[in-house]
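Trainee: structural data only, the sequence is not supplied:
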């Protein structure tokens, strides 16, 4: 019988000589393939990636109606769930429009930031300057030289939409209204607001500003409904105590005032027993800001929470004051009636097909891994089994060297979910961590493992020769 290849004693000597190298390799912190070989998928520089889809076909108890079926009579509108960022309703949402006093949401955000950072205190006295005293429109009739606390002025801004109080606060934070405007525009960029541009702290048209303090530009303040919703998202997320101000139904600014200012937000849940407003009161609604000018029409950024889910709505260009609230009700009802927050993945979840990761120099060749946090998405109401796309990326195997402590990060998992009929994809990434400690093996075990694998490779090579 003739063989195509012969296995010579010289080849055996060469292979056997490599055993002497094994002991040196075992001492190295970087494990060679001979020292501790494990089978892993193909890797890239960022690690090993695997994608899968979990869940059966989503079963829903509701059919999401179209936006057109709501019959909205507005220039633009948007509905946002702030924890996922999911846009549930969109009507001309990216069109820049005059926002009127919804502009004050940015002023409120920046003043609160200054307080939280210790740059201001709520009880600090503010001296009213000329610019503030000359504001028109909604105001509390501040005179130059008046003194009021930051908190008093903030309530006047949040409840009564007072332009004079707003400018007084802006000047206190930044030195002048225009320096504050620069901060507003800078912050808008950081927040990812795509169309927002501010020329003042109030939302007044340029021609309605005091002539002496008008900016040298022919531009006006604009903001899309999507930008307003994004700004509101930062307020409710970064300043969860915003309701301390926005839920105040009325406020007497001075003892001598004949009547208190009344909150322009008729939809506050607290108004359910107020004769003039109870027809508009909305369960769970606790903010956020109204706006009106002749150019803007009637606008409203509202937010309400129900069954643990908060939604943010924006309507712009309503044709009357009551209309902005009846349209907001349609938008919020659309969200609360058709969607819910659902935990789609529990914490400490095991990923099918990625139950372990390889470990070099360990007592065991791999270690169990789990996710470090749960994942919550917004889904159509009644959804039983949403289809979730899962992408797993593990660390470079050469870096997974025992000992590895329990709960060590060894990769990441990205979950993606898309509601049918909504183009935006929800996505959340959590860490993949070790479920237990991966102990280092002793030198003798590593030696025996290496020798066994060496001879396994050797005999495999001999088999391939025949």
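Mentor: Nice, I can see it. Keep in mind that what you see is a predicted model, and the values were worked out from it rather than measured.
Trainee: show me the contacts for residue 195.
Mentor: By Cβ atoms under 8 Å, 6 or more residues apart in numbering, the contact list for residue 195 reads 94-96, 222-224, 226-227. The C-beta positions use only the backbone N, C-alpha and C, and glycine is treated the same way.
Trainee: for the stretch 201-350 of the chain, which segments count as strands?
Mentor: 250-251, 261-262, 285-293, 297-306, 309-318, 339-345 (DSSP state E, counting those that start in this stretch).
Trainee: around residue 438, count how many other residues there are.
Mentor: Per other Cβ atoms under 10 Å, the neighbour tally for residue 438 reads 27.
Trainee: how many neighbours does residue 71 have?
Mentor: Around residue 71 there are 8 residues (other Cβ under 10 Å).
Trainee: follow-up on the earlier one: okay if I get the strands of the stretch 201-350 of the chain as CSV plus distance to residue 327, mean pLDDT and mean neighbour count?
Mentor: What follows is the strands of the stretch 201-350 of the chain, written out as CSV (distance: least, Cβ to Cβ, whole Å; pLDDT from 0 to 100; neighbours: other Cβ atoms under 10 Å):
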stretch, distance to residue 327, mean pLDDT, mean neighbour count
strand 250-251, 25, 96, 15
strand 261-262, 21, 96, 18
strand 285-293, 13, 97, 24
strand 297-306, 8, 98, 24
strand 309-318, 5, 98, 26
strand 339-345, 19, 92, 18
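Trainee: related to what we said a few turns ago, of the contacts of residue 195 - the most surrounded one?
Mentor: Busiest of those [other Cβ under 10 Å] is residue 223, holding 32 neighbours.
Trainee: specify the local secondary structure of residue 391.
Mentor: strand (DSSP: H, G, I helix; E, B strand; the rest coil).
Trainee: returning to that earlier point: nearest to residue 89, of the strands of the stretch 201-350 of the chain?
Mentor: Using Cβ to Cβ as the measure, strand 309-318 is the one of those that comes nearest residue 89, at 8.1 Å.
Trainee: partner strands of the closest one, with direction?
Mentor: Sheet pairing here is set by DSSP bridges, and for strand 309-318 it gives strand 76-81 (antiparallel), strand 297-306 (antiparallel).
Trainee: next secondary structure after the host helix or strand of residue 170?
Mentor: Following DSSP states H and E, one finds residue 170 within helix 163-174. Downstream of helix 163-174, the next assigned helix or strand under DSSP H and E is helix 177-191.
Trainee: quick check: buried residues in that next one?
Mentor: Within helix 177-191, the residues that count as buried by 16 or more other Cβ atoms under 10 Å are 177-178, 180-181, 183-184, 187-188, 191.
Trainee: from those, which is closest to residue 394?
Mentor: residue 191 (33.5 Å).
Trainee: read off the pLDDT value for that closest one.
Mentor: Note on residue 191: pLDDT of 98.
Trainee: and it, how far from residue 228?
Mentor: 11 Å (Cβ to Cβ, to the nearest Å).
Trainee: residue 127: neighbour count?
Mentor: 13.
Trainee: is it bridged to anything, and to what?
Mentor: Bridge pairing for residue 127 - DSSP bridges - gives residue 147.
Trainee: am I right that it is in contact with residue 143?
Mentor: No - when contacts are counted by Cβ atoms under 8 Å, residue 127 is not listed as touching residue 143 (11.0 Å).
Trainee: anything in contact with each of the two?
Mentor: By Cβ under 8 Å, 6+ apart, no residue touches both residue 127 and residue 143.
Trainee: who are the contact partners of residue 312?
Mentor: Listed by Cβ under 8 Å, 6+ apart, the contact partners of residue 312 are 79-82, 229, 232-233, 236, 288, 301-303.
Trainee: so which of the residues you listed is the closest to residue 199?
Mentor: So of those, ranked by how close each gets to residue 199 (Cβ to Cβ), first place is residue 301, at 19.4 Å.
Trainee: isn't the closest one right up against residue 226?
Mentor: No - applying Cβ under 8 Å as the test, residue 301 and residue 226 come out as separate, 11.5 Å apart.
Trainee: who touches both of these two?
Mentor: Contacts common to residue 301 and residue 226, judged by Cβ under 8 Å, 6+ apart, are residue 314.
Trainee: for this protein, just list every one of the helices.
Mentor: All helices of the chain, identified by DSSP state H, fall at 9-17, 19-26, 104-116, 130-133, 150-160, 163-174, 177-191, 225-238, 243-246, 321-338, 443-465.
Trainee: what count of nearby residues applies to residue 323?
Mentor: Other residues close to residue 323 by other Cβ under 10 Å number 17.
Trainee: thinking again about what came up before, got the strands of the stretch 201-350 of the chain as JSON lines, with distance to residue 363 columns?
Mentor: Shown next, in JSON lines, are these (distance: least, Cβ to Cβ, whole Å):
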{"stretch": "strand 250-251", "distance to residue 363": "68"}
{"stretch": "strand 261-262", "distance to residue 363": "71"}
{"stretch": "strand 285-293", "distance to residue 363": "55"}
{"stretch": "strand 297-306", "distance to residue 363": "50"}
{"stretch": "strand 309-318", "distance to residue 363": "47"}
{"stretch": "strand 339-345", "distance to residue 363": "30"}
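Trainee: looking at the ones you listed, which is nearest to residue 364?
Mentor: Using Cβ to Cβ, the strands of the stretch 201-350 of the chain put strand 339-345 closest to residue 364, at 26.4 Å.
Trainee: each with direction, which strands does the closest one pair with?
Mentor: Assessed with DSSP bridges, strand 339-345 is paired to strand 375-380 (antiparallel).
Trainee: relative to helix 321-338, how tilted is the partner strand?
Mentor: Taking axes from the mean of the first three to the mean of the last three Cα atoms, to 10 degrees, one finds strand 375-380 and helix 321-338 inclined to each other by 110 degrees.
Trainee: so what touches strand 375-380?
Mentor: 58, 60-62, 64, 81, 83-84, 86, 88, 309, 338-345, 386, 388, 415, 417, 419-420, 426, 428, 430.
Trainee: buried ones among those residues?
Mentor: If we count by 16+ other Cβ under 10 Å, these have these buried: 58, 60, 64, 81, 84, 86, 88, 309, 338-342, 344-345, 386, 388, 415, 417, 419, 426, 428, 430.
Trainee: where does the protein dip in pLDDT?
Mentor: 1-62, 362, 441-466 (pLDDT under 70).
Trainee: 80 instead?
Mentor: By pLDDT under 80, the low-scoring segments of the chain are 1-62, 361-362, 421, 423, 438-466.
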